[in-house]
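**Student:** Provide a 3D model corresponding to the input given below.
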Amino acid sequence: MNKETYYALENFMICCMKDTAHDKEHVYRVLYNALEIAKTENNVNYDILIAACLLHDIGRKEQFENPALCHAIVGSEKAYQFLLAYGFEDSYAEQVKQCIKAHRYRKDNPPQSLEAKILFDADKLDAAGAVGIARTLLYKGIVAEPLYSMLPDGSVSTGENDTIPSFFQEYKYKLENLYSKFYTEKATAIAKERQYIAVEFYNSLYREVNSSYQSGTRELNNLLDSEG
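**Tutor:** Numbering: from 1, shown residues only. Here you go, the predicted structure:
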């Protein structure tokens, strides 16, 4: 890929990115993760990989405005149309489209090509470790969702089996389960290095907020009873 093409893809990506949790810096991290993974794989088509990485989240704005939409599907079509308009052959545009379409964390459309698997892994690495925690907290703030929810007995829910969205629920549903989902050996190794930090953060945060409720409610009840 020459510089002119790269800059054209980059500029289109920047015009599409409006979400601070999925901003252009996230895209660059995904691209750099992908290049690191690709060094350990054979026969990688870098033209497809770079384009797919740069354009993988360009459908985020549409999904944010309408949660019924899937940003991977919307973005894959936007990328496909842009590449055709830029003059790329249909076969190339279609391969990039399929990479983007399969990059989301779900079971119904797993990545098939090597480039799609690398993009999937590179994107999931940015949801792992400290960066993943920070991005999740940032996004939860944007959509006004809480850190945690409360159980009927007055204790803080761990997030497991929660239906109410929160940081703890997202951690249990997605972040905690990332580390066995990678396709490439390199991404798996990088993720394992980052896992400890994420686990420690979640456990520490849960201990702190839960102990605060336990001791605080007990103290409050004692004070109220003494005045009753």
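**Student:** Distance check, the residue nearest the centre of the chain against residue 90.
**Tutor:** Nearest to the geometric centre of the chain sits residue 127, at 4.6 Å (C-alpha atoms, centre = their mean). Residue 127 sits 32 Å away from residue 90, going by C-beta to C-beta, to the nearest Å. Backbone N, C-alpha and C define where each C-beta goes, glycine included.
**Student:** Could you check how many residues crowd around the residue nearest to the residue nearest to the centre of the chain when sequence neighbours are not counted?
**Tutor:** Nearest-residue entry for residue 127: residue 178, 6.0 Å, with adjacent residues in sequence omitted and distances by C-beta to C-beta, 6 or more residues apart in numbering. Using other C-beta atoms under 10 Å, the number of residues around residue 178 comes to 19.
**Student:** when you give positions from now on, start the count at 10
**Tutor:** Renumbered: residue one is now 10, and that last one reads residue 187.
**Student:** and the residue nearest to the centre of the chain, what does it touch?
**Tutor:** Each residue near residue 136 by C-beta atoms under 8 Å, 6 or more residues apart in numbering is listed here: 114, 144, 145, 183, 184, 187.
**Student:** again, only this time at 10 Å
**Tutor:** The neighbours of residue 136, taking C-beta atoms under 10 Å, 6 or more residues apart in numbering as the test, are 35, 114, 142, 144, 145, 179, 183, 184, 187, 200, 203, 207.
**Student:** quick one: pLDDT of the last one?
**Tutor:** Think residue 207. Each residue has a pLDDT score; the one for residue 207 is 96.
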